[in-house]
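Engineer: I'll drop the sequence and a predicted model, then ask my questions.
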Amino acid sequence: MATEMLADDRATALAQEGYTLASATSRDGTPIGYRQLGHGPGVVLLHGAMESAASHLQLAEALADAFTVYLPDRRGRGTSGASGAGNGAQQNSEDLDAILTQTGTRDVFGVSSGAIICLQAALALPTIRRVAIYEPPFFVSDSATPTALLARYDKEIAAGNMTAALVTGMLGVCLTCSVSSGHRPVGRVPGRCPGEVERPDGGEPTS
């Protein structure tokens with residue numbers, strides 16, 4: 001009885017927030033949770049690496065008058081199962097496919113690394129009809145590619161030092177954007193990433 005009351009209370013709270021929760025099962029059996037809100041043609045909004053389904057709830061609410069919006073939690077976040085070894089492009093595509101298959105949706109919108117997943121999935125999944133992307137993390141110029149940081153990032157990932165890899169990755173994004181825009185890159189995150197960093201444009205290292 002108490003369990004039923006808790007379930008009813010949760011359902012009421014979700015209804016007040018304007019969405020429902022559901023999940024689809026990916027190819028390897030991992031549950032992929034998602035939020036659903038709105039009415040109309042379906043669209044899946046796929047978030048970036050440092051986000052969750054909640055990150056784009058405001059956008060989903062703005063679209064809800066014209067679309068049924070599905071907001072998945074990517075693996076290791078929110079209501080989805082844990083991410084494990086092999087959590088790469090293929091697995092992310094399979095997770096997205098599970099959502100598309102269950103909901104009958106054919107349009108997808110991806111943000112940041114979610115944009116990369118949507119593009120990769122569109123190459124493999126005939127069910128995808130249209131793709132919209134925002135800020136995909138592409139290197140558009142060889143001169144702006146932070147090769148020294150990529151090597152350091154690979155070493156930190158191999159060593160299992162995820163905190164350091166996160167800082168290195170974000171620093172690489174800042175360097176790339178700075179060089180592409182013609183601004184002097186910042187080579188250090190104060191208090192987080194001490195020491196010199198090689199500049200991707202071949203200039204003197206910054207510290």
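Structural biologist: Sure, I can see it.

Engineer: do you have the helices of this protein handy? List them.
Structural biologist: 2-17, 57-63, 89-103, 113-124, 147-158, 162-181 (DSSP state H).

Engineer: tell me the mean pLDDT over the last one?
Structural biologist: Yep, that's helix 162-181 we're talking about. What helix 162-181 shows for mean pLDDT is 70.

Engineer: just stretch 78-85 next, same as before
Structural biologist: Rounded mean pLDDT across stretch 78-85 is 86.

Engineer: hmm, Val44 and Phe67 touching each other?
Structural biologist: No. Counting by C-beta atoms under 8 Å, Phe67 sits too far from Val44 to count as a contact (10.2 Å). Every residue, glycine included, has its C-beta placed from N, CA and C.

Engineer: more neighbours, the two?
Structural biologist: Val44 (24 against 20; other C-beta atoms under 10 Å).

Engineer: and the more buried one, what does it touch?
Structural biologist: The contact partners of Val44, by C-beta atoms under 8 Å, 6 or more residues apart in numbering, come to Tyr34, Tyr70, Leu71, Pro72, Leu96, Ile99, Leu100, Thr103, Thr105, Asp107, Val108, Phe109.

Engineer: hmm, Pro136 and the last one touching each other?
Structural biologist: No. When contacts are counted by C-beta under 8 Å, Phe109 is not listed as touching Pro136 (11.8 Å).

Engineer: between these two, which is the more surrounded one?
Structural biologist: Per other C-beta under 10 Å, whichever of Phe109 and Pro136 has more neighbours is Phe109, with 21 against 16.

Engineer: show me the protein divided up by domain.
Structural biologist: 2-134, 141-207 (automatic domain parsing).

Engineer: what is the neighbour count of Gly88?
Structural biologist: 10.

Engineer: same question for Arg27.
Structural biologist: The burial count for Arg27: 12, using other C-beta under 10 Å.
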